[in-house]
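>>> Curious how this folds, go ahead:
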Amino acid sequence: MNATQSTLSLKSVYIDFREITKARLAISVVFSSIAGYMLGINDLQSVGWITLLKLAVGGYCMVGASNAFNQVIEKDLDALMDRTKNRPVPAGRMSRGTAVVIASLLTIIGIVLLYTINPKTAMFGAISIFLYTSIYTPLKTMTSLSVFVGAFPGAIPFMLGWVAATGEFGIEAGTLFLIQFFWQFPHFWAIGWFLYEDYEKAGFFMLPTGKKDKGTAMQVILYTVWLILASLLPVFGYTGRLYITPIAAVVVFLLGLWMLFYAVQLYKLRTAKAARTLMLVSVSYITLLQLVYILDKFLR
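Numbers count the residues shown, from 1 in each chain. As a prediction, this is how the structure comes out:
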């Protein structure tokens, strides 16, 4: 009986840890960092497996810490929304104090691991936590500009990998940052659209016009266009060592048109289903784009 209870207890702790750190989101962020790292190295023989492991674990810790601090700050608001009320802190399975300890430990571990790669990587990791928890999170109940602020820490992971690989922040890392920065807007506005009623319960302002209207949908289209343009910059040879071939650029452009099609569908239909579809497409888009960049680098 005790063994069974211990197993159940460990399982519940594991599940709560996954929820407090938003494991699926954290893993996708880690993937972006690894993609940036692969783009930053000279060739496959240059892969530093220990560095890559530290980047992955350190990156997970930093994202997990941001999410944990966020859930501490928004405990009462999370309890009002259907999608968040069962999280460990608002549901009462984890105290605020425990969550703060977890977040603090993850922050320390993450910064230390990233610092052992190089100081710049640790600096950008620390900046992402600060922006997410201290500026983005409080602004969510004040202004729709919170999405703009949140796009900065959200765009750091892709370029963080490049900085980890090279120790430098230049035009290459800036371009990777720009791509993921513009991606944030159609992605999170799509989420804000199909979860509009739930966000409204907590008083969150996530859509640029504050409404599910043509104005918001048009901005989704415009930022998707900016995203497509940013993703094609490396083909022109003005982004330093970050370069994609014309063939890869065609694939990237087609991926962009795919996402743009669903952005236009949101404008036409203005339904929660169309917004959810755009959100799912946006996740696939950024992953495929990163894979195209990597494959192009090592296969050309």
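>>> buried stuff in the host helix or strand of residue 188?
Per DSSP states H and E: residue 188 is located in helix 171-194. For helix 171-194, the neighbour count (16 or more other C-beta atoms under 10 Å) marks 172-194 as buried. Any C-beta I mention is one placed from the backbone N, CA and C, and that applies to glycine too.
>>> do the same with stretch 99-119
99, 102-103, 106-107, 109-111, 113-115, 117-118.
>>> ok, now how distant is the residue most central in space within the chain from residue 186?
Centroid-nearest residue in the chain: residue 154, 4.6 Å away (criterion: C-alpha atoms, centre = their mean). Residue 154 is 12 Å from residue 186, where distance means C-beta to C-beta, to the nearest Å.
>>> Quick check: phi and psi at residue 21.
phi -100, psi 0 (degrees, to the nearest 10).
>>> Now do it: how many residues are near it, please.
Look at residue 21: counted by other C-beta atoms under 10 Å, it has 23 neighbours.
>>> Likewise for residue 96?
12.
>>> so it makes contact with residue 73?
No: between residue 96 and residue 73 there is no contact under C-beta atoms under 8 Å: 9.4 Å.
>>> So which residues of the stretch 1-150 of the chain form strands?
Using DSSP state E, counting those that start in this stretch, the stretch 1-150 of the chain contains no strands.
>>> Tell me where the model's unsure across it.
Filtered on pLDDT under 70, the stretch 1-150 of the chain yields the residue ranges 1-8.
>>> that older thread, out of the buried residues of stretch 99-119, who's nearest residue 161?
In terms of C-beta to C-beta, no member of those lies closer to residue 161 than residue 117, at 10.2 Å.
>>> For the stretch 101-250 of the chain, just list every one of the helices.
Taking DSSP state H, counting those that start in this stretch to define them, one finds helices in the stretch 101-250 of the chain at 119-130, 137-139, 146-166, 171-194, 196-202, 214-232, 246-269.
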